[in-house]
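Engineer: model this:
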Amino acid sequence: MYDVTIIGAGASGVMCALALKEKDKNLKVLLLEKNDKLGKKLSITGNGRCNLGNINTDISNFNSKSDLSNFKKNLETRNFEFLNKLDNLNNLESYYDYLIRFGVLLTKEKEYLYPYSMQAVSVCKSFERCLNPLNVEIKYNYDVSKVSKKADVFTINDDIKSKVVVVATGGKSYPKTGSTGKGYNILKSFGHTITDLYPSLTQLKTNYKYIKDLQGVRVNAKVSLCVNEKIETKENGQVQFTKEALSGICIFNLSRNVGKYIKENKKVKIIIDLIPNYDQFGLVEYLKSFSSYSIVDALSCVINNKLSFVISKELGFANKKMEDLTKVQLENVCFALKNMCFNITGTGDFETAQVTNGGASLDEFDCNLQSIKCKDLYAIGEVIDVDGKCGGYNLSWAFTSAIIVSDGILKK
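Structural biologist: Numbering: from 1, shown residues only. Here you go, the predicted structure:
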């Protein structure tokens, strides 16, 4: 009989096991992992650099169909600061402190937190090094097919008994790493509501006529997500063009609800301001000075050459000179620079999405992330309907939710 069994040895599962055993070495803790090693998804995050967190931990950087403000309020009754440094009077510590104690030295790059090694694999190795001396038992290549409970005892796959179960299986993103969505089935079997699931932090596909001509272009821009002709939200950052889609961090941050909108037959557009630091009037006056240039050459003085060619071609001015344009035509050119429009036809799939939008409803867990449907059943990380923007927020949720649960279990 185990005291605690954690299903999934990813970022949240390993952190939960380590936090439990560090505070109570007598607990009998079991980690179950379907892969042959821990942290398979963790090892590829941040393009292998592992963005562990962000110093800007405002709740607005996180999303959920549940009321995050209410969850934050419940945590604060226990002296938690939601997804922030958990300095308080109850010996609850920030996940930063745990990472350092578990051998992960941190460094900061702007607002982003990374391992000092700048290698995700070093984080996994540090976790491995700590699990053995703390006597955390791990079963690798173990695929959980069912969990049941009788007389206050959980049974996993008919062969493992445990007093407490923590579901840390991740979502559906990057299924090759083991995140296949099985955790949703486990929680659903205990009566939990699983919200609709969509790929998030992913590319946006477009039917833009000249998208293939823009492949490989990167541009710093202001980007607006427009739904049914109304601007919903905006992001600043680098846009990357592929042969069939828009990519880049700002696009990823806008992608969260696009799959849902398209399913609802809403019209989705991305509008890109290619020159956000200058207004349209200023661009008109500036481009007037290139009167002897072709339209393409003139625009190439201010934007990427591929973009200048595409915009000129789209407006039908590819073979014209600046001096040939009327005032209205020149204004149209500058409007296009400030409002390049792309119809969005879809998103990347779960194979490429960084995170899952949706999951087990947060409203069905208490402030310890214990199920209100089943006592001693907990969930942490991506399996819950909480997801963050790019920039370390999803790992900070994984680690912090693990600490919330470990503290709740230890307080029993």
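Engineer: worst-scoring helix or strand of this protein, pLDDT-wise?
Structural biologist: Between all helices and strands in the chain, the lowest mean by mean pLDDT, DSSP states H and E belongs to helix 68-76, at a mean of 72.
Engineer: quick check: mean pLDDT of the helix or strand just after that helix?
Structural biologist: Helices and strands here follow DSSP states H and E; after helix 68-76, the next one along the chain is helix 95-101. In this model, helix 95-101 carries a mean pLDDT of 87.
Engineer: buried stuff in helix 95-101?
Structural biologist: Using 16 or more other Cβ atoms under 10 Å as the test for burial, helix 95-101 gives 95-96, 98-99. Using the backbone N, CA and C atoms, a C-beta is placed for each residue, glycine as well.
Engineer: of these, which pair is most distant in space?
Structural biologist: The span of the buried residues of helix 95-101, defined through Cβ to Cβ, is set by Y96 and Y98 at 7.3 Å.
Engineer: select the longest strand from the protein.
Structural biologist: strand 230-241 (DSSP state E).
Engineer: distance from the very next helix or strand once past that one to the middle of the chain?
Structural biologist: Next along the chain after strand 230-241, taking DSSP H and E as the criterion, comes strand 245-247. Strand 245-247 sits 17 Å away from the centroid of its parent chain (Cα atoms, centre = their mean, to the nearest Å).
Engineer: who touches strand 245-247?
Structural biologist: Residues outside strand 245-247 that contact it (Cβ atoms under 8 Å, 6 or more residues apart in numbering): 203-206, 211, 239-241, 270, 342, 348.
Engineer: who does the longest strand of the chain pair with, and is each partner parallel or antiparallel?
Structural biologist: Strand 230-241 sits in its sheet next to strand 218-227 (antiparallel), strand 245-247 (antiparallel), going by DSSP bridges.
Engineer: who are the contact partners of I344?
Structural biologist: 204-206, 258, 262, 268-270 are the contacts of I344 under Cβ under 8 Å, 6+ apart.
Engineer: so in terms of bridging, what pairs with it?
Structural biologist: Counting by DSSP bridges, I344 is bridged to T206.
Engineer: distance of it relative to S43?
Structural biologist: 31 Å (Cβ to Cβ, to the nearest Å).
Engineer: for I303, what is the enclosing helix or strand?
Structural biologist: Counting by DSSP H and E, no helix or strand carries I303.
Engineer: next, give phi and psi for it.
Structural biologist: When read as degrees, to the nearest 10, the backbone of I303 gives phi -140, psi 170.
Engineer: give me the number of residues near it?
Structural biologist: By other Cβ atoms under 10 Å, the residues close to I303 number 18.
Engineer: where in the stretch 51-200 of the chain is pLDDT low?
Structural biologist: 74-93 (pLDDT under 70).
Engineer: rerun that using 80 as the cut-off
Structural biologist: Residue ranges of the stretch 51-200 of the chain with pLDDT under 80: 57-58, 69-94.
Engineer: circling back: now tabulate the buried residues of helix 95-101 in CSV and tack on distance to I6.
Structural biologist: Formatted as CSV, those follow (distance: Cβ to Cβ, whole Å):
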residue, distance to I6
Y95, 16
Y96, 21
Y98, 15
L99, 18
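Engineer: in contact with K306, which residues?
Structural biologist: Per Cβ under 8 Å, 6+ apart, neighbours of K306: 213-214, 216-217.
Engineer: who's in contact with F317?
Structural biologist: Contacts of F317 by Cβ under 8 Å, 6+ apart are 295, 325, 329, 333.
Engineer: quick check: the farthest pair among those residues?
Structural biologist: Most distant of those, by Cβ to Cβ, are I295 and Q329, 9.4 Å apart.
Engineer: who's more crowded, the two?
Structural biologist: Using other Cβ under 10 Å, the more surrounded residue of I295 and Q329 is I295, with 27 against 15.
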